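**Student:** Everything below, folded, please.
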Amino acid sequence: MASSDGTSREPVTTQKWTTIGFTGHRQLDDEKLVRSALADCLDNFIEKYGSIVSYSSVASGADTLFLETAEAQSVPAMIVLPFGQSRFKADFKEEDWLRAEKQIHRAIEFDVVETIASDKEAYLDAGVITVDRCDILLAVWNLEENYGTGGTSDAIKYARSLNKPIIIINAITGKTHIENADQLPAECVKCDTPHSKGELEVIKNNYHYYDTLASKKGPQARSLSIVIILLHLIASGFAITGIIFKDGLNDFNPNILLAIGIVKLLALVLAWTLVFWHHRIQHHWTSTRPKAELYRFFIAIWPLKRRKVNITLANVTEFSDLAKNIMISWEMDRDSELSFSNAKQHYLENRIRDQINYYRSKIKASTFTNYITKKFSNALMVIAIVGALCAVGFKLAHMGDYFADSAILISVFLPLLVAALLAISVAHDTNRRAQRYQNMLMHLETADREVDTSVTWPSLWRAVEKLEYELLNEVEEWHSMTRFSNSH
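**Tutor:** Residues are numbered from 1 along each chain as shown. Coordinates of the predicted model:
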């Protein structure tokens, strides 16, 4: 959102959501005792974190009880099912299914585990997904290990392997204790109530702020790269001139050589100083552009009918918490949904066609720049070769040192200029590539942990597919860059 003077306002903190995962037994000896303990825990979460959202399955027993308690306290729910609803219903008594079905219908989002070998593994994977998605795991547990697969103790064991904070309600006594308390999310200083109704305006404001900043810093970073290259070129040129014409200049006026040395020194010092300025601007650019694109993505999909969206943008990993918070707020704001035709038109105009125009302009500009750079570089190289031939000819013809030295200067200096032009042409990509390598390392390290802690085939494949998407993107980007390099 731009202010009246055309500048964007300062960014506003987006709605922060804390996700409470849940696992618990189907059979409870004292449902009233457990319900009271669950209510106390949720009250405590709301007091500490303000906006909370639950994530769990909806099996009979503790799961359903947890979701009903969350509903009574206006806590939105996200649900994961081990099977489709028609199959899942077979695991319930009729009265229990009616309670569970009500919670499924009120969920702002629900997942279904992929088809796998056995029912127990499906329940296990539902627990794995719950642990993966939550900030805190709340468990109703009798403290006994399961004799089988897919129970509450398996989910707790998996959460422990990830060092997740776990709050355990003893299913028999109702008493609670905390594991990994040092990993609990930071409590909010001033807990706000959900404000998803106005969240779109916050997102628009933040998009304009970060887009404006990135649009300013990007050209600055590129311009500084060019200036730094040119300063090094100037320093090299003066150094070469001083070496080649040393004797002649010294005879003409010794102060000229001193002046050449001072100019070379000043150019190098200025280039060195600008490097630090460039690093700071580059950091602002590479940190604000991904945020702007993340906000732009949600602005584009905000009026669309809600469904589960897996964000796989390469640069989102660093901002996964921000993406999660906006996603939940988007799920909550059902009133902003447009009709199908209006939503489709909105997306076409604000996402697809806007990006088509942007990339067309970028392709046109880059094609022109590459054409000019290539032609100018080839011309300079021809002149450099001619200069080298002239230098040899002047030496053989004994036409004087001045002409020979001038030809040598041309043959030595112009290749440096060609190198500078080529460096300028790739200056727009080198810093971005360095950031991309850092992102890829982060993806690989994350995948290493996810694969290592996987306990089911679906959870393994989720980690594999997520990483392979990034790797294939990297191969395509590398291929494009090598084709560009070969064209020169």
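**Student:** Just the element for residue 64, please.
**Tutor:** When elements are assigned from DSSP states H and E, residue 64 belongs to helix 62-72.
**Student:** tell me what that helix is packed against?
**Tutor:** strand 18-24, helix 31-49, strand 52-56, strand 77-81, helix 94-106, strand 136-141 (3 or more CB pairs under 8 Å, 6 or more residues apart in numbering; DSSP states H and E). For the C-beta atoms, the positions are set from N, CA and C on the backbone; glycine is no exception.
**Student:** switch the cut-off to 7 Å
**Tutor:** For helix 62-72, the packing partners by 3 or more CB pairs under 7 Å, 6 or more residues apart in numbering; DSSP states H and E come out as strand 18-24, helix 31-49, strand 52-56, helix 94-106.
**Student:** Can you tell me what sits against the third one?
**Tutor:** Residues outside strand 52-56 that contact it (CB atoms under 7 Å, 6 or more residues apart in numbering): 17-22, 45-46, 63, 66-67, 70, 75-79, 130, 133-134, 328.
**Student:** got it, and stretch 259-276?
**Tutor:** Where contact means CB under 7 Å, 6+ apart, the residues beyond stretch 259-276 that reach it are 224, 227, 228, 231, 232, 234, 235, 238, 239, 241, 242.
**Student:** what do you get if the cut-off is 6 Å, keeping everything else the same?
**Tutor:** For stretch 259-276, contacts defined as CB atoms under 6 Å, 6 or more residues apart in numbering pick out 224, 228, 231, 232, 234, 235, 238, 239, 242.
**Student:** Without its sequence neighbours, what residue ends up closest to the fifth one?
**Tutor:** Pointing back at residue 234 there. What sits nearest to residue 234 in space, not counting adjacent residues and going by CB to CB, 6 or more residues apart in numbering, is residue 267, at 4.7 Å.
**Student:** could you redo the contacts of stretch 259-276 as TSV and give each row pLDDT, secondary structure and distance to residue 52?
**Tutor:** Output for the contacts of stretch 259-276, formatted as TSV (pLDDT from 0 to 100; DSSP: H, G, I helix; E, B strand; the rest coil; distance: CB to CB, whole Å):
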residue	pLDDT	secondary structure	distance to residue 52
224	85	helix	45
228	79	helix	49
231	80	helix	55
232	75	helix	55
234	80	helix	60
235	76	helix	60
238	77	helix	65
239	72	helix	65
242	71	helix	70
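**Student:** Tell me the buried residues within the residues you listed.
**Tutor:** The neighbour count (16 or more other CB atoms under 10 Å) marks 224, 228, 231, 232, 234, 235, 238, 239, 242 as buried among these.
**Student:** I'd like to know how far the nearest residue to the first one once chain neighbours are set aside sits from residue 107.
**Tutor:** Among residues not flanking residue 224 along the chain, residue 278 sits closest, at 4.3 Å (CB to CB, 6+ apart). From residue 278 over to residue 107 the distance is 49 Å, taken as CB to CB, to the nearest Å.
**Student:** Do you have the strands of the stretch 151-300 of the chain handy? List them.
**Tutor:** Along the stretch 151-300 of the chain, counting by DSSP state E, counting those that start in this stretch, strands occupy 166-170, 176-179.
**Student:** counting contacts, what elements does the shortest one pack onto?
**Tutor:** Looking back up the chat, that one is strand 176-179. Packing contacts for strand 176-179, counted by 3 or more CB pairs under 6 Å, 6 or more residues apart in numbering; DSSP states H and E, involve strand 166-170.
**Student:** one step back: can I get the helix holding residue 64 in PDB, CA atoms only?
**Tutor:** Written as PDB, here are the backbone C-alpha positions of helix 62-72 (Å, rounded to 0.1, in the frame of the first residue of the first chain):
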ATOM      1  CA  ALA A  62      -8.500 -38.000  22.500                       C
ATOM      2  CA  ASP A  63      -8.200 -36.500  19.000                       C
ATOM      3  CA  THR A  64     -11.900 -35.700  18.700                       C
ATOM      4  CA  LEU A  65     -11.900 -34.400  22.300                       C
ATOM      5  CA  PHE A  66      -9.000 -32.100  21.600                       C
ATOM      6  CA  LEU A  67     -10.700 -30.600  18.500                       C
ATOM      7  CA  GLU A  68     -14.000 -30.100  20.400                       C
ATOM      8  CA  THR A  69     -12.100 -28.300  23.200                       C
ATOM      9  CA  ALA A  70     -10.300 -26.200  20.600                       C
ATOM     10  CA  GLU A  71     -13.600 -25.300  18.900                       C
ATOM     11  CA  ALA A  72     -15.100 -24.200  22.300                       C
END
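**Student:** Buried ones in that helix, by neighbour count?
**Tutor:** Using 16+ other CB under 10 Å as the burial criterion, the residues of helix 62-72 that qualify are 62, 63, 64, 65, 66, 67, 69, 70.
**Student:** What is the nearest of those to residue 101?
**Tutor:** residue 64 (10.0 Å; CB to CB).
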